[in-house]
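J.: sequence-free structure coming up:
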């Protein structure tokens with residue numbers, strides 16, 4: 001593998017904390033409006049489509065740089081998966097949208113980023129390699145504006161004309177054809193620590209066999225595949241090399257470094273389980289549910305730290 005660098009740095013602006021609080025308030029207001037319409041739920045990725053049990057299998061022969069955190073030694077972990085439509089509305093599966101692939105790795109060793117033993121290591125992934133906006137400020141303006149429909153988008157553009165480019169990027173991302181949760185790659189789109197290194201995360205598709213009718217019912221596609229065989233995904237890390245090729249603070253950048261496989265995510269054959277699905281729906285999937293060696297990095301991740309907590313409290317998350 002290409003030798004990664006430990007020379008990554010975060011750059012925190014003096015007014016960042018204030019801006020992040022204001023952005024969290026905007027998301028909270030949108031969440032409450034949508035909960036009044038659709039019932040209590042998340043601000044984004046509101047519609048859970050599939051809840052699955054899985055295992056994360058870490059091999060013993062990883063490169064030295066990858067042997068950090070949950071990948072430090074050979075192990076098999078219990079995993080919960082939440083597969084979702086990314087929007088703030090409860091929309092049909094056929095509607096174009098960002099899709100989410102949230103992973104909760106249970107029983108992990110190590111200290112939490114907040115102190116004390118870690119309860120889990122979470123990875124929040126989407127079906128796009130990077131975010132549509134470089135900063136959380138742009139992302140908030142676009143997303144909360146879109147939450148208000150066409151009028152909301154127009155108001156957002158009037159307030160912040162610079163978001164037009166990001167808005168076009170979002171429209172392009174949402175309209176990109178989606179083949180299904182088993183046949184698409186998913187990405188963290190922002191970096192995390194990997195011990196002294198930094199990396200983005202990717203989960204590779206388990207299959208290349210796309211079902212043309214899958215977009216009408218994502219759960220039926222997933223469970224139909226599981227009726228015949230397990231789904232096996234590769235988990236990969238993409239390491240920081242330098243600020244030009246792999247910038248830490250620019251969430252809209254596509255990183256130019258190779259991926260390294262560090263684990264297998266195995267989804268065994270199973271049928272829908274309503275009680276388990278309710279437990280997953282109530283759970284907190286948060287990139288800041290992390291061990292110290294996998295602390296989230298970059299401005300967008302720091303903004304998520306502030307925004308997720310009130311969202312979780314508003315829906316009474318477990």
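T.: Here it is on my side, so go on. Small disclaimer: the values here were computed from a predicted structure and weren't measured. Numbers count the residues shown, from 1 in each chain.
J.: Chain neighbours aside, what residue packs nearest to residue 250?
T.: Excluding its sequence neighbours, the residue lying closest to residue 250 (Cβ to Cβ, 6 or more residues apart in numbering) is residue 134, at 4.9 Å. The C-beta positions use only the backbone N, C-alpha and C, and glycine is treated the same way.
J.: Tell me if the one you found really is in a strand.
T.: No - secondary structure of residue 134 (DSSP: H, G, I helix; E, B strand; the rest coil): coil, not part of a strand.
J.: Run through who's touching the helix or strand residue 28 falls within.
T.: Residue 28 is located in helix 16-38, with elements delineated by DSSP states H and E. Helix 16-38 is contacted from outside by 13, 41-44, 46, 88-90, 136-137, 140, 143-144, 147-148, 299, 302-303, 305-307, 309-311, 314-315, using Cβ atoms under 8 Å, 6 or more residues apart in numbering.
J.: Ok, stretch 214-224 next?
T.: With Cβ under 8 Å, 6+ apart as the test, stretch 214-224 has contacts from 49-50, 52, 83, 85, 93-94, 178-183, 211, 213, 231, 270-272.
J.: Can you tell me which of those residues are buried?
T.: Among the contacts of stretch 214-224, those classed as buried by 16 or more other Cβ atoms under 10 Å are 49-50, 52, 83, 85, 93, 178-183, 211, 231, 270.
J.: how much space between the residue nearest to residue 250 and residue 247?
T.: Distance, residue 134 to residue 247, using Cβ to Cβ, to the nearest Å: 9 Å.
J.: Find residues that contact each of those two.
T.: Common neighbours of residue 134 and residue 247 (Cβ under 8 Å, 6+ apart) are residue 253.
J.: residues contacting the residue nearest to residue 250?
T.: 166, 250, 251, 252, 253.
J.: If we use 6 Å, what do you get?
T.: By Cβ atoms under 6 Å, 6 or more residues apart in numbering, the residues touching residue 134 are 250, 251, 252.
J.: Name the nearest residue to residue 184, ignoring sequence neighbours.
T.: residue 127 (5.0 Å).
J.: what's the burial count for the one you found?
T.: For residue 127, the neighbour count with other Cβ atoms under 10 Å is 22.
J.: how about it, phi and psi?
T.: Phi and psi for residue 127, reported as degrees, to the nearest 10, are phi -90, psi 30.
J.: Quick check: it touching residue 183?
T.: No - counting by Cβ atoms under 6 Å, residue 127 sits too far from residue 183 to count as a contact (10.3 Å).
J.: for the residue nearest to residue 184, what are its contacts?
T.: 99, 184, 186.
J.: Show only the entries of those found in strands.
T.: Among the contacts of residue 127, the members found in strands (DSSP state E) are 99, 186.
J.: Compare the contacts of residue 127 and tell me which is most surrounded.
T.: residue 186 (25 neighbours).
J.: which residues does that residue contact?
T.: For residue 186, the contact set (Cβ under 6 Å, 6+ apart) comprises 101, 125, 127, 203.
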